[in-house]
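Participant: Quick one, structure for this:
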Amino acid sequence: MAAVNIRRGIALIVLLGIIMSCAWAPSLRSADAVSVKTIVLRVGDPIMQVDAVRTFIDSTGAVPVIIQERTMLPVRAIVEALGGTVSWDAARRAVGVVLGTKTLELMIAKSFATVNGIPVAIDPANALVVPVIVKRRTMLPVRFVGEQLGATVGWAPATQVVTLDFGGTTVPVPSAPALIAPADTSSSTDTTPSLSWNAVSGAATYRVVIRKGTDVILDRSGLTALSFTVPAGLLTVGTYSWTVTATGPGGTSAPQAKPFVFMVKELILPPAAPVLTAPGDTSSSTDKTPSLSWNAVSGATTYRVVIRKGADVILDKSGLTLLTFTVPAGLLAVGTYSWTVVATGPGGTSPSQVNPFTFTVKDPVAQPLAQTVEMHVKYSGWDPSIIHIKAGARITWNIWGDEVTSCTNRIVVPSLSISQALTSGKNVITFTAPATAGTVPFACWMNMVRGQFIVDP
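Facilitator: Residues are numbered from 1 along each chain as shown. The predicted model follows:
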């Protein structure tokens, strides 16, 4: 009785196992019923493209690798994407694959597999192509598994892209992408430009090639974005051409019929601010047409002068090629002005001076009126004895001692406090004439010979 109960218990457990496996196992479809058309993988890339959907190969980040010149992959993701199942027999170190009416079994380190129970060489051309374990992941030859499951397997060596085509129809080759930027024949000083292009239907990856003449400066494949920034240090001054090709399940496009061309120009910095020389800072004069001057600046082709009175711009003159500029008449009046000079060249325009120079135009000071008068000493008196002078003028009185006698050897002007001995020859007396009109008498020291100044207004 005990034995019967044990047998019944075992049967119950088996039945439950069958029920559970039926509840959770994915449905098996024939190869003809598979909805997936293409699967695209790239060596070293943890993402595969199932038709138009990009998805990780598995949660561990497993990637296709090349072993013995063959692409190897954990095929569970491919088989399950097709609706099949993958099993692992740890005791026998065997992988089982079931898809529709196909059953495959591959064993680690064995160069033969079984297909529906029939032994088949995995790679007739290379017996070293066998299932292996890499980082605790079982890696199977992609071509063998794919072809046994009904796929046409494509391989693009330039981009290391594997394409599994289950659709039974020819997948078109992508067209050449339309280049966007940098625009054709454009130029700039940027040595790390961002290249961009339009998306292409059927493309999984893109390849950028930059040339300088016939030399390839950069060849970058496997790009999934629609732009690529050139790394620093690759480009120098010169002209470059660039192309982009697209790769997808149908193959790789041709490059553009006419590559785009861009030029990297030399970076030319703006000139420095000129050094102002004259008029000196804080200088002053009565000159209303001063000549401004400054030092030459390397890289400058023209200069611009700006004169301000306070915040008001009095003069703004650009396009000057000399190092001096004379202020036109009529612009400046009495007052204080500031001035700056900027330099312009191929690299741009310099900043202006941090501290502009200032100069002051003063009101001219009226010079006192000057007058020279001549008189001769005669025995009979003064010649002339009446002399006209201008009010307020500075007078230079030249007295010629032609006939100096005891009576006339000293001349006095009491109102001006002048008393001076005379000698033969030229005697000079200077004084300032009274500011108002009138007469100023003068005489010899004994007051015997008289004369007078008539002060004219």
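
Participant: Met72 touches Pro64, doesn't it?
Facilitator: Yes: with contacts counted by Cβ atoms under 8 Å, Met72 reaches Pro64, the gap being 6.9 Å. Heads up, the C-betas are built off the backbone N, CA and C, glycines and all.

Participant: number of nearby residues for Ser424?
Facilitator: Ser424 is surrounded by 12 other residues when neighbours are defined as other Cβ atoms under 10 Å.

Participant: Skipping its backbone neighbours, what lies nearest it in space?
Facilitator: Leaving aside its sequence neighbours, Ser424 sits nearest to Gly401 (Cβ to Cβ, 6 or more residues apart in numbering; 4.2 Å).

Participant: got it, and Leu179?
Facilitator: Sequence neighbours aside, Phe260 is the residue nearest to Leu179 in space, at 4.7 Å (criterion: Cβ to Cβ, 6+ apart).

Participant: is it true that the one you found touches Ala176?
Facilitator: No: in this structure, Phe260 is not within contact of Ala176 by Cβ under 8 Å, at 11.8 Å.

Participant: returning to what we had before: can you give me the pLDDT of the residue nearest to Leu179?
Facilitator: Reading off the confidence values, Phe260 has pLDDT 96.

Participant: And Arg450, by the same measure?
Facilitator: Looking at Arg450, the pLDDT reads 85.

Participant: where does Ile418 land on pLDDT?
Facilitator: The model's pLDDT for Ile418 equals 93.

Participant: what's around it, how many residues?
Facilitator: 15.

Participant: Bridged to it, which residues?
Facilitator: Val413 (DSSP bridges).

Participant: roughly how far apart are it and Gly167?
Facilitator: As judged by Cβ to Cβ, to the nearest Å, Ile418 and Gly167 stand 131 Å apart.

Participant: Now Val261. Nearest residue, chain neighbours left out?
Facilitator: Ser241 (5.0 Å).

Participant: Tell me if I am right that the one you found is in a strand.
Facilitator: Yes: counting by DSSP: H, G, I helix; E, B strand; the rest coil, Ser241 is found in a strand.

Participant: Is it in contact with Gln256, as I believe?
Facilitator: No: between Ser241 and Gln256 there is no contact under Cβ under 8 Å: 9.5 Å.

Participant: any idea how far the residue nearest to Thr243 when sequence neighbours are not counted is from Gly154?
Facilitator: Distances taken as Cβ to Cβ, 6+ apart put Pro255 closest to Thr243, at 3.9 Å, once the chain neighbours are dropped. Distance of Pro255 to Gly154, computed by Cβ to Cβ: 20 Å.

Participant: Tell me the secondary structure of the residue positioned nearest the centre of the chain, please.
Facilitator: Closest to where the C-alpha atoms of the chain average out (Cα atoms, centre = their mean) is Asp190, at 6.7 Å. Per three-state DSSP, the local secondary structure of Asp190 is coil.

Participant: I figured it was touching Phe262, is that so?
Facilitator: No: using Cβ under 8 Å, Asp190 is not in contact with Phe262, being 9.1 Å away.

Participant: List the contacts of Pro64.
Facilitator: Listed by Cβ atoms under 8 Å, 6 or more residues apart in numbering, the contact set of Pro64 reads 41-45, 57, 71-73, 142, 162.

Participant: Is it possible to mark the buried ones in these?
Facilitator: Buried members of these, counted by 16 or more other Cβ atoms under 10 Å: 41-43, 45, 57, 71-73, 142, 162.

Participant: And those, which is closest to Gly222?
Facilitator: Proximity of the buried ones among the contacts of Pro64 to Gly222 was ranked by Cβ to Cβ; the top entry is Arg42 with 6.2 Å.

Participant: Test my guess that the closest one contacts Leu223.
Facilitator: No: counting by Cβ under 8 Å, Arg42 does not reach Leu223; the two are 11.0 Å apart.

Participant: who touches both of those two?
Facilitator: Thr205.

Participant: Can you tell me how far Leu267 is from Ala156?
Facilitator: In this view, Leu267 and Ala156 are 40 Å apart by Cβ to Cβ.

Participant: between these two, who's got more neighbours?
Facilitator: Neighbour count, other Cβ under 10 Å: between Leu267 and Ala156, Ala156 has more, with 19 against 11.

Participant: Looking at the contacts of Pro64, which are in helices?
Facilitator: Filtering these for membership in helices, criterion DSSP state H, returns Val142.

Participant: Between the contacts of Pro64, which sits nearest Ala204?
Facilitator: Arg42 (7.6 Å).

Participant: tell me the contacts of the closest residue to that closest one other than its chain neighbours?
Facilitator: Excluding its sequence neighbours, the residue lying closest to Arg42 (Cβ to Cβ, 6+ apart) is Val161, at 4.9 Å. Val161 is in contact with 40-43, 155, 204-205, 247, counting by Cβ under 8 Å, 6+ apart.

Participant: what's the closest non-adjacent residue to Ala94?
Facilitator: Using Cβ to Cβ, 6+ apart, the nearest residue to Ala94 is Met107, at 4.6 Å.

Participant: coming back round to it: and the residue nearest to Val261, how far from Ala225?
Facilitator: Taken as Cβ to Cβ, the span from Ser241 to Ala225 is 21 Å.
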